[in-house]
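*Asks:* After the sequence you'll find the predicted model.
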Amino acid sequence: MGIMLRGLQKEITAVDDRSFKWVLSKPYPKMLLALGKNNAPCTFIMPERIAQTDPFKQITEYIGSGPMKFAKAEWVPGAKAVFEKFADYVPRNEKPSWLAGGKVMNFDRIEWVIMPDPATAAAALQAGEVDWWESPIADLIPVLKKNKNVNVDIADPLGNIGAFRMNHLHAPFNDVKVRRAVLTAMNQEDYMRAIVGDDNSLWKPLPGYFTPGTPLYTEEGGDVLKMRNIEAAKKLLAESSYKGEPVVCVVAQDQPITKAMGDVTADLLKKIGMNVDFVATDWGTVGARRAKKDPPGQGGWSMFHTWHAGADCLNPAPYTAIRANGDKAWFGWPDVPAVEAEVTNWFDAKNLDEEKAALSRLNKAALESVVYAPTGMFLSYQAWRKNVEGVVKGPLPFFWGVSKTS
Amino acid sequence: MLGYILRRILATVPVMAIVGLLVFSLLYIAPGDPAAVIAGDQASPDDVARIRASLGLDRPFLVRFIEWSSQILRGDLGTSIFTALPVTQLIAQRIEPTLSLTLVTLFLSIVVAVPLGVIAAWKAGSWIDRSIMAFAVIGFSVPVFVVGYVLAYVFALTLDWLPVQGYTPIARGFWPWLENLILPSIALGGIYIALIARITRSAMLDVLSQDYIRTARAKGLGTSTTLFVHALKNAAVPIVTVIGLGVALLIGGAVVTESVFNIPGLGRLVVDAILRRDYPVIQGLVLLFSFVYVLVNLLVDVSYTFLDPRIKY
């Protein structure tokens, strides 16, 4: 959105110390969203000296601008970050609402402890050595629920959207019929159960691309994902240009979510008669390999698995993965002008009805061309000690409004 | 002796140079890209390419290797790609927990394993010997993380005697420091105790069959004096050797133990660095671990002259 705004910008000037004037070449209905959205990439307000840093260089001074200050001296990267209360911060006189509203801080100090082992984190929470666990794994939830001193609840109602992306540049997935065959053979329940297990409250089918339960959610064109049809998939594959070439399926084994989805996909591809070259690797390798545009047999790839935060999939603005502008698109590089046209229509929409109409058309076009394959929507838990109050559900842990009794 | 030590210290230079070349080369050809990790999941391929260029990762192998080598010669291990902090600072932050864990484990292992090995040799063939050797087999066979989970469940969660996880610097008091290390050291020490106990038993069996031991007994020396003063000293060379070689086991085991007990040490730092492809950190840590290993083996070799006067360099 920053790039779009810059393209529309005629001038930006400081009116006084507390306000500025931003003149655009045409109306931009999504201005508030551009400034206020809460998932990366998002707007950060920095002192001028820091904002001058080359965008492709790391900044070295980070303190924060809210009710807490980052205690850099106590930072042990990968192990612990400490935040201390900023005494001069004046909260707004209103209730907090995620990142907005009055941020009243009831703690002088917050220690953010990184525990690599989930079993250790569960034990530490049960023993009262930590107060709040951001992301307990599904396997340990029954143990935590049995503990009378621990609360367990859904962490983020917006959840996550599972996905695998196919490489639109090279065979076999440069043929839309092959992509449709895979989509036709999919059963989202298989993916979701592989990720969350037997807990039905932790997943939802997703016959589309946008976050369920949000205003722009649509199932337009999503019938293909509602019912698996292996025979139809085989027929589509037979009609396609697929000639048995290997599908290089790059799967990160160190991420439980991608590993679970990768196993399901490998089985699915074999069921419809595809030749799978399953590359089991780590996320660092997937991150590098997916950026390569070389053919799959020459260091490139055919498909990889990932997931997107539900908060990123509310609309096209933060939703990099839905874009289909070819070379500029996310990994897989789909080139679907119909999708891009609806992205533009959504940006120009002046009211919710227009936005909904644009996204319904976008959803349909994206599913028809299979921009990527959504594997379902899944949720995760958070857990905290019962002497901690004020924990809210949200895409991030929000510490304001939270208090703790001894 | 001094000449030997100097020669050995000088010999570490080419060893470290070869280690450095190997580490750098392996990381160069290994798959993965720190720029992609830094850029995050939403980044475009162009973003990744620009970050790679800004980090200098698109330059040729030789240019990067020469630059890195000259940094190392100046005592500069470089800067972490991911945190933008000097590698020496990251190591300094993490070295105390790992050093503490290693030393406590080493102490515990020697204090437990050597007497066990001596007793097993003394009572060779008896149920005591078989029990100790069965314990040693368990120590070899059960993975560190399994022992760790069981210990944490019993002694921390159920009995509430010790903390589940974490590390307290020794500057905050001896007991707070030690109580965080007891369970990790027992978990990490299992395999080490087993190894030392078995070698001690084997070495002691050789020594106990010697004539001078029979003479010592005939002179009326007590059992403990015979075993621990006369026999153990003569069996010490292989025991000390295995203690030295076992430091590699400790370094490897520390990676798992630090994760299971959430100890912010060098083991976790190296795992994080590998997952992020933080090359300067990986290179710095491998050089450090190699140096420690070489140094420990030098100390072991030097100790032979004190343990066995027949050995001269």
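*Replies:* Structure received.

*Asks:* Please identify the residues of the stretch 101-250 of chain A in proximity to chain B?
*Replies:* Residues of the stretch 101-250 of chain A that fall close to chain B, judged by CB under 8 Å from any CB of the partner chain: A:113, A:115-117, A:119-121, A:123-124, A:126-127, A:129. (Each C-beta comes from the backbone N, C-alpha and C, glycine too.)

*Asks:* need those in JSON lines with secondary structure, neighbour count and pLDDT, can you?
*Replies:* Converted to JSON lines, these look like this (DSSP: H, G, I helix; E, B strand; the rest coil; neighbours: other CB atoms under 10 Å in any protein chain shown; pLDDT from 0 to 100):
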{"residue": "A:113", "secondary structure": "strand", "neighbour count": "18", "pLDDT": "96"}
{"residue": "A:115", "secondary structure": "coil", "neighbour count": "22", "pLDDT": "93"}
{"residue": "A:116", "secondary structure": "coil", "neighbour count": "16", "pLDDT": "89"}
{"residue": "A:117", "secondary structure": "coil", "neighbour count": "19", "pLDDT": "91"}
{"residue": "A:119", "secondary structure": "helix", "neighbour count": "19", "pLDDT": "93"}
{"residue": "A:120", "secondary structure": "helix", "neighbour count": "23", "pLDDT": "95"}
{"residue": "A:121", "secondary structure": "helix", "neighbour count": "25", "pLDDT": "96"}
{"residue": "A:123", "secondary structure": "helix", "neighbour count": "26", "pLDDT": "95"}
{"residue": "A:124", "secondary structure": "helix", "neighbour count": "25", "pLDDT": "96"}
{"residue": "A:126", "secondary structure": "helix", "neighbour count": "22", "pLDDT": "96"}
{"residue": "A:127", "secondary structure": "coil", "neighbour count": "17", "pLDDT": "95"}
{"residue": "A:129", "secondary structure": "coil", "neighbour count": "17", "pLDDT": "96"}
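
*Asks:* now, which of those residues sits nearest residue A:398?
*Replies:* Comparing these against residue A:398 with CB to CB places residue A:113 closest, at 17.8 Å.

*Asks:* what's the distance between that closest one and residue B:165?
*Replies:* With the distance defined as CB to CB, to the nearest Å, residue A:113 ends up 9 Å from residue B:165.

*Asks:* Pull out the buried positions in stretch A:246-257.
*Replies:* By 16 or more other CB atoms under 10 Å in any protein chain shown, the buried positions in stretch A:246-257 come out as A:247-253, A:255, A:257.

*Asks:* measure it end to end?
*Replies:* 24 Å (CA to CA, to the nearest Å).

*Asks:* now stretch A:275-289
*Replies:* For stretch A:275-289, the separation between the terminal residues is 20 Å (CA to CA).

*Asks:* So residue A:110 belongs to a strand, correct?
*Replies:* Yes. With DSSP: H, G, I helix; E, B strand; the rest coil as the criterion, residue A:110 is assigned to a strand.

*Asks:* Residue A:368 and residue A:221 touch, don't they?
*Replies:* Yes. In this structure, residue A:368 is within contact of residue A:221 by CB atoms under 8 Å, at 6.3 Å.

*Asks:* Return the alpha-carbon coordinates of stretch B:40-47 using CSV.
*Replies:* Taking only C-alpha atoms (Å, rounded to 0.1, in the frame of the first residue of the first chain), the coordinates of stretch B:40-47 have been written out as CSV:
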residue,chain,number,x,y,z
GLY,B,40,10.0,-12.6,5.8
ASP,B,41,7.1,-14.4,4.3
GLN,B,42,5.5,-11.4,2.6
ALA,B,43,8.6,-10.3,0.8
SER,B,44,8.8,-10.3,-3.0
PRO,B,45,11.7,-12.0,-4.8
ASP,B,46,13.0,-8.5,-5.6
ASP,B,47,13.0,-7.6,-1.9
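
*Asks:* Show me what it is in contact with.
*Replies:* Contacts of stretch B:40-47 with the rest of the structure, by CB atoms under 8 Å, 6 or more residues apart in numbering or on different chains, involve A:40-41, A:56, A:291, A:293, A:306, A:308, A:312, A:318, A:320, A:328, A:330-331, B:36, B:39, B:51.

*Asks:* now, among those, which is nearest to residue B:116?
*Replies:* Distances from residue B:116 to the contacts of stretch B:40-47, taken as CB to CB, are shortest for residue B:36 (50.2 Å).

*Asks:* Could you check which helix or strand contains that closest one?
*Replies:* In this structure, residue B:36 sits in helix B:34-39 according to DSSP states H and E.

*Asks:* try residue A:156
*Replies:* Assignment of secondary structure by DSSP H and E places residue A:156 within no helix or strand.

*Asks:* What separation do you get for the residue nearest to it when sequence neighbours are not counted and chain B?
*Replies:* Counting by CB to CB, 6 or more residues apart in numbering or on different chains, residue A:395 is the residue found nearest to residue A:156 once chain neighbours are left out, at 4.8 Å. When distances are taken as CB to the nearest CB, to the nearest Å, residue A:395 and chain B turn out to be 14 Å apart.

*Asks:* about what we covered before: shared neighbours of residue A:113 and residue B:165, which are they?
*Replies:* Counting by CB under 8 Å, 6+ apart, the residues touching both residue A:113 and residue B:165 are residue B:262.

*Asks:* List, one by one, the residues from the stretch 201-313 of chain B near chain A.
*Replies:* Where the stretch 201-313 of chain B comes near chain A, counting by CB under 8 Å from any CB, the residues are B:259-262, B:264, B:268-269, B:271-272, B:274-277.

*Asks:* can these go into JSON lines with extra columns for distance to residue B:156, secondary structure and neighbour count?
*Replies:* What follows is these, written out as JSON lines (distance: CB to CB, whole Å; DSSP: H, G, I helix; E, B strand; the rest coil; neighbours: other CB atoms under 10 Å in any protein chain shown):
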{"residue": "B:259", "distance to residue B:156": "16", "secondary structure": "helix", "neighbour count": "20"}
{"residue": "B:260", "distance to residue B:156": "12", "secondary structure": "helix", "neighbour count": "27"}
{"residue": "B:261", "distance to residue B:156": "10", "secondary structure": "coil", "neighbour count": "32"}
{"residue": "B:262", "distance to residue B:156": "12", "secondary structure": "coil", "neighbour count": "27"}
{"residue": "B:264", "distance to residue B:156": "18", "secondary structure": "coil", "neighbour count": "22"}
{"residue": "B:268", "distance to residue B:156": "19", "secondary structure": "helix", "neighbour count": "25"}
{"residue": "B:269", "distance to residue B:156": "24", "secondary structure": "helix", "neighbour count": "29"}
{"residue": "B:271", "distance to residue B:156": "23", "secondary structure": "helix", "neighbour count": "16"}
{"residue": "B:272", "distance to residue B:156": "24", "secondary structure": "helix", "neighbour count": "20"}
{"residue": "B:274", "distance to residue B:156": "29", "secondary structure": "helix", "neighbour count": "19"}
{"residue": "B:275", "distance to residue B:156": "27", "secondary structure": "helix", "neighbour count": "16"}
{"residue": "B:276", "distance to residue B:156": "30", "secondary structure": "helix", "neighbour count": "22"}
{"residue": "B:277", "distance to residue B:156": "35", "secondary structure": "coil", "neighbour count": "26"}
